[in-house]
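**Student:** pasted the sequence and its predicted model underneath.
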Amino acid sequence: MCDTPDVEQDPRPSPFVTDEAASALEERLWTSVLGALETLTVYLGDRLGYYRTLSRGNGSSAAELASATGTDPRMAREWLTQQVAAGIVIRDRASEPAMYRLREGHAEVLLNPDREWWPTAATRFVATLDLEALASAFVTGTGLSWTSSGQGVLDPYMELMRPSLLDTVPALISRVPGVDGRLAGQSRIADLGCRHGWGAIGLARRYPRADVEGFDSDEPSLAAARSNAEREGCADRVSFHRAEGLRVHGADPFDVVFAFEALHHAPDPAAFLRAVAELAAEDGIAVVIEPTPGDVPAVGDEGLRTAMAMSVLCCLPDAMAGAHRAPTGTLIEPELMADLADSSGLRAIDLAATDGTWNVYTLER
């Protein structure tokens with residue numbers, strides 16, 4: 001009979017032991033995988049025009065849907081079957097051939113770009129992520145601009161943000177002391193880091209006697225902003241100009257200067273804050289709008305989870321693509337904002353208004 005040698009037991013628990021916590025995480029991850037897969041099928045339905053076609057009339061057969069959208073009938077039928085399983089589309093089994101239509105109320109969610117936090121825009125954002133380029137950026141530390149060919153997420157992100165920048169954020173800004181009075185008459189507004197111009201357009205709509213100028217360093221974004229202003233009928237009061245980094249050449253001081261969700265995309269946030277403050281007249285107002293950080297590091301809050309995922313996948317890599325690279329990440333906690341005030345040479349950065357989603361700060365020189 002052989003003696004069993006003494007073996008020292010590892011006191012650490014095995015990472016593969018099945019327990020309640022492991023099972024809960026496994027279930028959550030599989031739920032997330034299912035959500036990711038269905039998100040991509042929604043993207044296809046949007047991209048191929050399937051939802052738009054199904055929203056018309058009394059529905060379509062697979063062949064009719066394929067014919068109307070110029071796609072393959074067999075592929076269309078498989079997509080329809082999946083959408084029925086996902087609970088997005090209804091199949092009428094009594095008809096021959098089978099007819100499909102959107103469930104009641106689903107067209108509003110899938111097809112209305114004016115809906116705040118439009119989910120379809122979010123699916124476009126997810127589908128355009130280049131994870132290989134992003135992984136490379138994590139290795140090199142050089143970042144990944146969201147306007148680069150490898151990470152073309154800016155367009156869908158701006159679609160997602162558009163309703164908030166047109167309506168919700170300008171309404172919140174009006175709660176900042178002095179802003180409404182300053183902009184009630186003839187006045188000048190600047191939007192630094194304007195991207196597609198929706199924030200500037202929203203301000204022009206809220207303050208009809210103000211002239212608004214947007215500045216950005218990305219020429220395609222400026223072209224999109226000018227097109228958006230034309231389409232919204234406010235190009236006579238809203239103009240867009242190229243900025244060389246943070247340098248705005250030849251601009252007279254403004255009554256109020258805004259930066260919509262641009263600070264956490266800045267490679268050098270302290271320099272960005274100085275640039276915002278310096279564009280304002282001596283008696284002007286400088287305002288920065290950023291996502292509300294909430295209770296960081298809270299666990300489980302869906303808003304916080306969304307913001308941090310966006311920071312990992314888009315916002316921080318974009319800021320890291322700049323020259324100086326001292327970015328904040330998406331969620332800027334009060335202590336960090338105070339540090340930025342010191343390092344930017346500002347007297348103070350005050351929280352002037354919040355709605356639980358957005359924080360509005362005023363800068364004091």
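**Tutor:** Done, it's in.

**Student:** contacts and neighbour counts: CA atoms only from here.
**Tutor:** Will do.

**Student:** which residues does Pro73 contact?
**Tutor:** Ala62, Ala63, Leu65, Ala66, Ser67 (CA atoms under 8 Å, 6 or more residues apart in numbering).

**Student:** any idea which of those is the one closest to Ala286?
**Tutor:** Nearest to Ala286 among these is Leu65, at 52.0 Å by CA to CA.

**Student:** next, count neighbours for that closest one.
**Tutor:** Leu65 has 24 neighbours, counted by other CA atoms under 10 Å.

**Student:** likewise for the one 5 residues further on?
**Tutor:** Gly70 is surrounded by 11 other residues when neighbours are defined as other CA under 10 Å.

**Student:** state the distance from it to Ala98.
**Tutor:** 19 Å (CA to CA, to the nearest Å).

**Student:** same check, this time on Phe254
**Tutor:** For Phe254, the distance to Ala98 equals 62 Å [CA to CA].

**Student:** also Val256?
**Tutor:** Distance from Val256 to Ala98, by CA to CA: 59 Å.

**Student:** who has more neighbours out of those two?
**Tutor:** Neighbour totals were compared for Val256 and Ala98, and Val256 leads with 25 against 14 (other CA under 10 Å).

**Student:** helix, strand or coil for that one?
**Tutor:** Following DSSP: H, G, I helix; E, B strand; the rest coil, Val256 is assigned to strand.

**Student:** how about low-confidence regions in this structure?
**Tutor:** 1-18, 149-151, 245-246, 249-250, 294-298, 325 (pLDDT under 70).

**Student:** correct me if wrong, but Phe215 is in a helix.
**Tutor:** No - per three-state DSSP, Phe215 lies outside any helix segment and is strand.

**Student:** that one bridge partners, please.
**Tutor:** Leu192, His241 (DSSP bridges).

**Student:** ok, Trp173 - contacts?
**Tutor:** Actually, residue 173 is Ile rather than Trp. Applying CA under 8 Å, 6+ apart, the residues near Ile173 are Val179, Ala353, Val360.

**Student:** okay, and which of those residues map to helices?
**Tutor:** Among the contacts of Ile173, the members found in helices (DSSP state H) are Val179.

**Student:** looking at the contacts of Ile173, which is nearest Ala22?
**Tutor:** For the contacts of Ile173, the nearest to Ala22 is Val360 (40.1 Å; CA to CA).

**Student:** what residues are up against the closest one?
**Tutor:** Per CA under 8 Å, 6+ apart, neighbours of Val360: Leu172, Ile173, Val176, Val287, Val288, Ile289, Glu290, Leu351, Ala352, Ala353, Thr354.

**Student:** next one: it from Ser55, what distance?
**Tutor:** Counting by CA to CA, the gap from Val360 to Ser55 is 39 Å.

**Student:** quickly find the element holding the residue sitting nearest the centre point of the chain.
**Tutor:** Closest residue to the average C-alpha location of the chain: Tyr157 at 4.4 Å, with CA atoms, centre = their mean. Here Tyr157 is covered by helix 154-163, with elements defined by DSSP states H and E.

**Student:** what sits up against that helix?
**Tutor:** Helix 154-163 is contacted by residues 113-119, 121-122, 124-125, 146-147, 196, 198-199 when judged by CA under 8 Å, 6+ apart.

**Student:** next one: stretch 50-68
**Tutor:** Under the criterion CA under 8 Å, 6+ apart, residues 45-46, 69, 72-74, 76-77, 80, 97-102, 107, 110-111 lie in contact with stretch 50-68.

**Student:** need the strands for the stretch 101-250 of the chain, in chain order.
**Tutor:** 187-192, 210-216, 238-242 (DSSP state E, counting those that start in this stretch).

**Student:** got TSV for those, with mean neighbour count and distance to Leu40 too?
**Tutor:** Formatted as TSV, those follow (neighbours: other CA atoms under 10 Å; distance: least, CA to CA, whole Å):
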stretch	mean neighbour count	distance to Leu40
strand 187-192	24	34
strand 210-216	25	32
strand 238-242	21	35
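
**Student:** nearest to Thr306, of the ones you listed?
**Tutor:** Of all the strands of the stretch 101-250 of the chain, strand 187-192 comes closest under CA to CA, at 25.1 Å.

**Student:** contacts for the closest one?
**Tutor:** Taking CA under 8 Å, 6+ apart as the rule, strand 187-192 contacts 199-200, 209-216, 254-260, 262, 276, 279.

**Student:** pull the contacting residues for the nearest residue to Pro269 once chain neighbours are set aside.
**Tutor:** Closest residue to Pro269 apart from its sequence neighbours, by CA to CA, 6 or more residues apart in numbering: Leu263 at 5.9 Å. By CA under 8 Å, 6+ apart, the contact list for Leu263 reads Pro269, Phe272, Leu273, Val288, Glu290.

**Student:** which helix in this protein has the most residues?
**Tutor:** Longest helix in the chain, counting by DSSP H: helix 20-47.

**Student:** and for Asp46, the neighbour number?
**Tutor:** Asp46 is flanked by 18 other residues according to other CA under 10 Å.

**Student:** can you check His265 too?
**Tutor:** If you count neighbours by other CA under 10 Å, His265 ends up with 25.
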